[in-house]
Each structure stands twice: as structure tokens, then as C-alpha cells.
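**Q** Following is a predicted model, sequence given first.
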Amino acid sequence: MLSILDRYFLRELAYGVIATAVVLLVIFAGGAFATVLQKVANGSIQPSVMFEVLGLQMVDLLSTLLPMSAFLGTLIALGRMYRESEMHVLASSGMGPRGMLRPVAILTVIATLVVGTVALWLGPLSARTADQVIAAANKSVIAAGLDAGRFTELPGKGGIIFVDSLSRDGTVLGKTFLASDHTDSAGNVQVRVVNAKSGRMYQESDGQNRFLALYDGWQFEIPLGSDNWRRMKYERNDASLSSITDDDSDTDPAHESTTLDLFKARDADSLGELVSRFAAPVSTVVLMMMVLPMSRQAPRDARYGRLLIAVLAYFIYVIWQLIARAQIIKEHLHTSIPIWILHAIVFAVAVWFFWRQNTARRVKGAAA
């Protein structure tokens, strides 16, 4: 059973972590939203799935956001308790280091389990799902900007289209009317009118261009300013829709693979991704250990002095991890041992500082 003091510590620490997570979530969401909007603008993501993709990307970012939230939230909560002399009062009442370690350890276990679940399973799953959502949307005529029962501007082609019905997935059309204009080699403007009993949408094998295949209808070509109209009956007539811009600058196949597949792959990219995934929960444990010595301060100390130092230490710690991961991916390192040595060193230094702070000092010059 948890004591009253343990429940008090856990409540205060949980409030700090949740508040920090909400703030960081808003910041991360702003950056992710800007990235998604840019992809919508260049045509690689359809507007209809923009928010769904954004939500899946935010789930993927939790493996980065949660360790930082746990670290900063716990640091802020314990720092407040030190500034308001709560920790000093509790220490004078007989609460030793174990009294503070126990609730922090409980919170660390919970945070580590959540981060591990996200990093090893939920994050890659959300990344794969986001790609599947984008691919499915790009195959749909609805995502191309068309809607049943109303005239719609033909995407990127300077014309209009009307369909009386659409299938649920947006790939099969009912009766279709299409009108567009173009200028021939002689500079004359021609209007093309097409009707069809049915149609369907398909993509090229590379997935870049979308087309409408229209069946059983008539096509009229009408030159403006002359009377030499042309009429043609057809069984199938294809019309081009807007092309899809493939933006693969930030794609990472290893990140979308399952953890089991990464173990089987045995290549540099897979090893780097595995190191990154397992480093997330391990970093959570290390960061929570770092919180204990870094949160201690006197009531008159600068309010955000320790916080600034802690943020700087956090970024140095993370940057070294990213450098080691990059060296593995570039095959300059063929093992992940240096990263685990880094975790062990930082954890040991944090334990040493915490032990030094809570060990009674000998009085110099005391009488024998």
C-alpha cells in the first residue's frame, strides 16, 4: 500500500508531467501540422485525410515527447517543492532519500512502460497506417476533388465534371458528364464534351498519375467559331486527373517496419532503428534518475536556473544518441555498444550526484 506521502508525491509529479506533456504536445502538433500542410500544398497528401494523418503522426511522436515530458514535468514539480521548503520540512521530519525515490520510481516504471509500448509497437504501427491512409486516399476519385450530384472543377485540367453516383470507396462512377477545353496547334480553342454510362478511377503502376476510365458514351469535339463538329461513340475513353506529387524526402522504411522484422533484417538502417526504439524507454529511466539531483535547489536560487541547466543537459544527452545512431546507419559503427555505454555513464553520474547530495558530510576539524 502507498502511504499518504507517496500518494501526495505521485499526485504532484503526475500533475507536472501531464501539464508539460500538454504544452509539448501543442508545440509538436504545430510543427507536424505545418509539415502536413506543406505536403497537402504540393499534392502528396489529399486534404480529405489531412487531420487523420496528423493524428497518426502525433502518435508516432509520443516516443520522443513522453520522455521529455516526464523529465521536465518531474523536474518542475520537485523544484517547486524545494523552493517552497516542502522537501526541507519533510527531511527534518525524518524522510530520507527513499521517501523521494519510491514515488519517482513508480512514476518511472509507468512512463517507461508507456514509452516502450509506443516506441516498439504503436509508433511504427501509426507510421504504417498513415502511409496506407495516404495511398488509399490517392486512389479515390473523392480525394481527387470530385463529389456525386454536383458539377466540380476538373482537378488541374481546366474543365468540369459531373457524376450522378459514386461508390463508397470513390473508385466506381455512375453516369458521367465531362467538359473541357484546349487550344490546338493552330491556336483555335476546342471544347470537348464527353458523357458515359459508367466509369472507374485507376492509377499508373508507379502510382503517380490518376485517370478516369469512361465506358459506353459519346465524345463531342466542338471548335469555337466554326461548324465542323466531331462526334464519336466509344466503348472506353480515358481522361486524366491531377497527378500525385511523390514526396519521399522524409520516408524511412526501417521506421515503418515491425520490431521483429528489424531483428531479422541485420542491416545498418535496421540496427540504427532498433537502437533508437530501445533507447526511448532506457532514456526515460536515465532522465528520471537525472531529475533527482538536478531538481534540488535552495529557496533563494533562481527560479529557472536549474531548469535551463537541465534542458541543456537533456539536449546534449539526446544529441549524442543521435550522433551515435547516425554513425551506425552510415556503417562507421558496426555495434550499438557505445550508445549503451553512454546510457550507463549518464545514469552512473546521476546516481553519484544523488548519493553525494544525500550523504551526511563529515565535520572538518572535529575533536578526536
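**A** Okay, I see it. Residues are numbered from 1 along each chain as shown.

**Q** now residue 352: how far from residue 108?
**A** Between residue 352 and residue 108 the distance is 18 Å, computed by Cβ to Cβ, to the nearest Å. Placement of C-beta: from N, CA and C, glycine included.

**Q** what bits of the stretch 251-368 of the chain have low per-residue confidence?
**A** Within the stretch 251-368 of the chain, the ranges that satisfy pLDDT under 70 run 251, 303, 360-368.

**Q** Which stretches in it count as helices?
**A** 253-256, 259-265, 268-294, 305-329, 337-357 (DSSP state H, counting those that start in this stretch).

**Q** Give me the distance from stretch 252-268 to the chain's centre.
**A** Relative to the chain's own centre, stretch 252-268 is displaced by 18 Å; criterion: Cα atoms, centre = their mean, to the nearest Å.

**Q** Kindly export that stretch (C-alpha atoms) in PDB.
**A** Taking Å, rounded to 0.1, in the frame of the first residue of the first chain, the C-alpha atoms of stretch 252-268 are listed here in PDB:
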ATOM      1  CA  ASP A 252      12.000   5.900 -43.600                       C
ATOM      2  CA  PRO A 253      11.200   2.200 -44.500                       C
ATOM      3  CA  ALA A 254      13.000   1.000 -41.400                       C
ATOM      4  CA  HIS A 255      10.900   3.200 -39.100                       C
ATOM      5  CA  GLU A 256       7.700   1.600 -40.500                       C
ATOM      6  CA  SER A 257       8.900  -1.900 -40.100                       C
ATOM      7  CA  THR A 258       7.900  -4.000 -37.100                       C
ATOM      8  CA  THR A 259      10.500  -4.600 -34.400                       C
ATOM      9  CA  LEU A 260      10.600  -8.300 -35.200                       C
ATOM     10  CA  ASP A 261      11.300  -7.500 -38.900                       C
ATOM     11  CA  LEU A 262      14.200  -5.200 -37.800                       C
ATOM     12  CA  PHE A 263      15.800  -8.000 -35.800                       C
ATOM     13  CA  LYS A 264      15.600 -10.300 -38.900                       C
ATOM     14  CA  ALA A 265      17.000  -7.600 -41.300                       C
ATOM     15  CA  ARG A 266      20.500  -7.300 -39.900                       C
ATOM     16  CA  ASP A 267      21.400  -4.200 -41.900                       C
ATOM     17  CA  ALA A 268      22.700  -0.800 -40.800                       C
END
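
**Q** Buried by neighbour count: which residues of that stretch qualify?
**A** 254, 255, 256, 257, 262, 265, 268 (16 or more other Cβ atoms under 10 Å).

**Q** Between the residues you listed, which sits nearest residue 62?
**A** residue 255 (13.9 Å; Cβ to Cβ).

**Q** re the thing from before, which one of the buried residues of stretch 252-268 sits closest to residue 299?
**A** residue 255 (45.8 Å).

**Q** Might one say that the closest one is in contact with residue 126?
**A** No: judged on Cβ atoms under 8 Å, residue 255 makes no contact with residue 126 at a distance of 10.6 Å.

**Q** With the flanking residues excluded, which residue is spatially nearest to the spatially most central residue of the chain?
**A** Compute the mean C-alpha point of the chain, and by Cα atoms, centre = their mean the closest residue is residue 57, 2.9 Å away. Excluding the flanking residues, the one nearest residue 57 by Cβ to Cβ, 6 or more residues apart in numbering is residue 32, at 5.0 Å.

**Q** how near is the one you found to residue 58?
**A** Noted for residue 32: a distance of 6 Å to residue 58, by Cβ to Cβ.

**Q** same question, residue 39
**A** According to Cβ to Cβ, residue 39 stands 15 Å off from residue 58.

**Q** Which of the three states applies to the residue nearest to residue 57?
**A** Following DSSP: H, G, I helix; E, B strand; the rest coil, we place residue 32 in the helix state.

**Q** in the stretch 1-150 of the chain, which segments are predicted with low confidence?
**A** 1, 42-43, 96-97, 138-146.

**Q** Let's see that with 90 instead.
**A** Counting by pLDDT under 90, the low-confidence segments of the stretch 1-150 of the chain come to 1-9, 35-50, 79-103, 131-150.
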